[in-house]
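Peer 1: below are the sequence and a predicted model; questions follow.
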Number of protein chains: 2
Amino acid sequence: MQTLQVDLGERSYPIYIGADILARPDLLTSHIAGRQVAIVTNETVAPLYLRALESVLDGYVLTSVVLPDGEAFKTWETLQKIFDAMLAARHDRRTTVIALGGGVIGDMAGFAAACYQRGVNFIQVPTTLLSQVDSSVGGKTGINHPLGKNMIGAFYQPQAVLIDTASLSTLPARELSAGLAEVIKYGLICDADFLAWLEENMAALRSLDRAALTVAIERSCAAKARVVGADERESGVRATLNLGHTFGHAIETHQGYGVWLHGEAVAAGTVMALEMSRRLGWIGQAERDRAIRLFQAAGLPVVPPSDMTPDDFLQHMAVDKKVLDGRLRLVLLRHLGEAVVTGDYPREILHATLAADYAALVDQLKN
Amino acid sequence: MQTLQVDLGERSYPIYIGADILARPDLLTSHIAGRQVAIVTNETVAPLYLRALESVLDGYVLTSVVLPDGEAFKTWETLQKIFDAMLAARHDRRTTVIALGGGVIGDMAGFAAACYQRGVNFIQVPTTLLSQVDSSVGGKTGINHPLGKNMIGAFYQPQAVLIDTASLSTLPARELSAGLAEVIKYGLICDADFLAWLEENMAALRSLDRAALTVAIERSCAAKARVVGADERESGVRATLNLGHTFGHAIETHQGYGVWLHGEAVAAGTVMALEMSRRLGWIGQAERDRAIRLFQAAGLPVVPPSDMTPDDFLQHMAVDKKVLDGRLRLVLLRHLGEAVVTGDYPREILHATLAADYAALVDQLKN
């Protein structure tokens, strides 16, 4: 088992990474203060792992809340089900909430913990690759609003993150690919060596090679922990973690939450950010195409939805959380391995990027 | 104008108290970082003060959200109206939310600020006595849940609190009395001299004597700031501010939010806490009756609703935020001017307190 640390002063916490660590009660119980635990999970994950987690927590007063699965349910109405269950079972302020599931469960359970009686403890037990390498670390919690993704939420750090790599054995291939989008992201924004490693090991990762997955998770979590430790509330460098997300959130919101997986939208959105970086003269065509090939090798879409117009993008991007004083800031690449956040670009380059023919662009890669 | 300070490290902020300070733009603008401001108020306060506040903020990009008035609307549905308006007007992370109104507006606007894009700045401009002496200071924000008052919320501190005593001239007498319940509370829990001052000045306060009101507000805010500075997240002494609130919340929840004003429920609830303190042998009957007479002089109810049974109370109190590991902790008085928080009392004394005949108890005061 590996242990990483997220350094945030009194809000610091460990990330445990290993196989079958859910079977080790001590890792969980050392981070539970009271006697009450509320487990939040969904209909897909519950049949696989809920019973095992409950039996590890034998002796605690347990409430398990099983929510419908999917981004479309990351809403206030679903969040309310958590509050209803916790209040009905009379959970008090010493309760610990455990998020057992993917990114949607982690975001909602974390936000529920942030708001329940003005804040109780919580622990992340991410079961998808995407949540293990990204959303479970760093304290971003929240729900969607019809006008924008993750618009309502809190920065609220967990007591610990337990990443059991064994849980990936039950993950559908499409979800594994979605997680790889965020793994590739770390290479693109801050670690060119990792990018080369991913090119060599993509086949192993997709065939669930345990050693390769562990390396990818550790390296991703280490990058995330470093960035979050430097900038918890995203006043600077943390925004680079959103490479491809501004374009990607527009895709997710426009298509309807859950139609594209988050990682899929991030992949196509990152291709747009790469293309814009190329049009600004910051990266070359060869670098852009190298990144696109890596997303393709990971089984990810690299072309935005054909029914989305530049105006569709602009409308959704106007409420992005990186907009400041009317100016849309974007995460772009100076080089592969170096990201910048900037609102200082010619508007016509953004417009040309939104209007580009990505299908044709990807087509020429086949030659 | 008086300035008090709430000392919370990097989250410290000033409380300005004076007449017509809303007409001083500098007090507001020095606490607004960006160019966007969202004013949250209600249908009662808007016709009185919204135009004046908007004109003071000439030059900012303004969105005003006017909500229905009353505790019955302190719900997620109403909160959603704030998010809808802010997102439709494309408010970004540098927005400042201003709460213009009483405790319900302050709690909801503050919680909206805590959650909007995971947190934006906010300023409290309380217009009722209750919000000026209590709820606007200390960062407690939130909404009600059908199963319990203030169950969903956040500790989230404002950038500043602006208390314009002139706004009390438009306050209905019933609301003024409700605010006096919290003023009397400070005397009971930590300031016996203030209790004597209140007995002498109650008539002046109820006739809106400006000098007397200013003294009462300053002394209340100073007590609140001291307690919050010592215990921001209510792990200890801050809980004493909830004298009468556990009984009072049960009354509010049982009667339906808004039927009893919060201050009215606190007054009757405090009488119950006094009676229980007497039954424990901590205060004498003369002390209890002195406090009851002060609530009566303030125009407040001192008898709980006749239709509430001990079981009604127990059921609502079981979800109180002061319950820990199944034990209901109560704020009780050792003496007038000294409160304690304790879960260590004989259950039968609580039951006897709930079953006491308060109408008869108050009746004998007339003799």
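Peer 2: Nice, I can see it.
Peer 1: for chain A, what are the low-confidence residue spans?
Peer 2: A:367 (pLDDT under 70).
Peer 1: any chance you could list what contacts the longest helix belonging to it?
Peer 2: When chain A is parsed with DSSP state H, its longest helix is helix A:210-230. Contacts of helix A:210-230 from elsewhere in the structure, counted by Cβ atoms under 8 Å, 6 or more residues apart in numbering or on different chains, are A:2, A:4-8, A:15, A:17-19, A:129, A:132-134, A:137-139, A:161, A:163, A:165, A:168, A:182-183, A:186, A:190-191, A:194, A:197-198, A:201, A:204-205, A:236-238, A:240-241. Just so you know, the C-beta spots here come from the backbone N, C-alpha and C atoms, and that holds for glycine as well.
Peer 1: if you set the cut-off to 7 Å instead, what comes out?
Peer 2: A:2, A:4-8, A:15, A:17, A:19, A:132-134, A:137-138, A:163, A:165, A:168, A:183, A:186, A:190-191, A:194, A:201, A:204-205, A:237-238, A:241 (Cβ atoms under 7 Å, 6 or more residues apart in numbering or on different chains).
Peer 1: buried among those residues? Make that a PyMOL selection.
Peer 2: Buried residues among the contacts of helix A:210-230 (16 or more other Cβ atoms under 10 Å in any protein chain shown), as a PyMOL selection:
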select buried, chain A and resi 4+6+15+17+19+132+133+134+137+138+163+165+168+183+186+190+191+194+201+205+237+238+241
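Peer 1: kindly identify which of the contacts of helix A:210-230 also come near chain B.
Peer 2: Among the contacts of helix A:210-230, not one lies near chain B by Cβ under 7 Å from any Cβ of the partner chain.
Peer 1: in helices, which of the contacts of helix A:210-230 appear?
Peer 2: A:Val183, A:Tyr186, A:Cys190, A:Phe194, A:Asn201, A:Ala204, A:Leu205.
Peer 1: just flag the most distant two among those.
Peer 2: The largest separation in the ones in helices among the contacts of helix A:210-230, counting by Cβ to Cβ, is between A:Cys190 and A:Ala204 at 22.4 Å.
Peer 1: how many neighbours does the residue of the stretch 101-250 of chain A found nearest chain B have?
Peer 2: Chain B sits closest to A:Leu147 of the stretch 101-250 of chain A, with a gap of 4.2 Å, by Cβ to the nearest Cβ. When neighbours are defined as other Cβ atoms under 10 Å in any protein chain shown, A:Leu147 has 17 of them.
Peer 1: torsion angles phi and psi at it?
Peer 2: Main-chain dihedrals, A:Leu147, degrees, to the nearest 10: phi -90, psi 0.
Peer 1: wait, what's in contact with it?
Peer 2: A:Val319, B:Leu87, B:Ala88.
Peer 1: rerun at 8 Å
Peer 2: By Cβ under 8 Å, 6+ apart, the contact set of A:Leu147 is A:Val319, B:Asp84, B:Leu87, B:Ala88.
Peer 1: and for A:Met317?
Peer 2: Residues in contact with A:Met317 (Cβ under 8 Å, 6+ apart) are A:Thr246, A:Phe247, A:His249, A:Ala250, A:Val323, A:Leu328.
Peer 1: hmm, try it at 10 Å
Peer 2: Applying Cβ atoms under 10 Å, 6 or more residues apart in numbering or on different chains to A:Met317 gives the contacts A:Gly148, A:Thr246, A:Phe247, A:His249, A:Ala250, A:Thr253, A:Val323, A:Leu328, A:Leu330, A:Leu350, A:Leu354.
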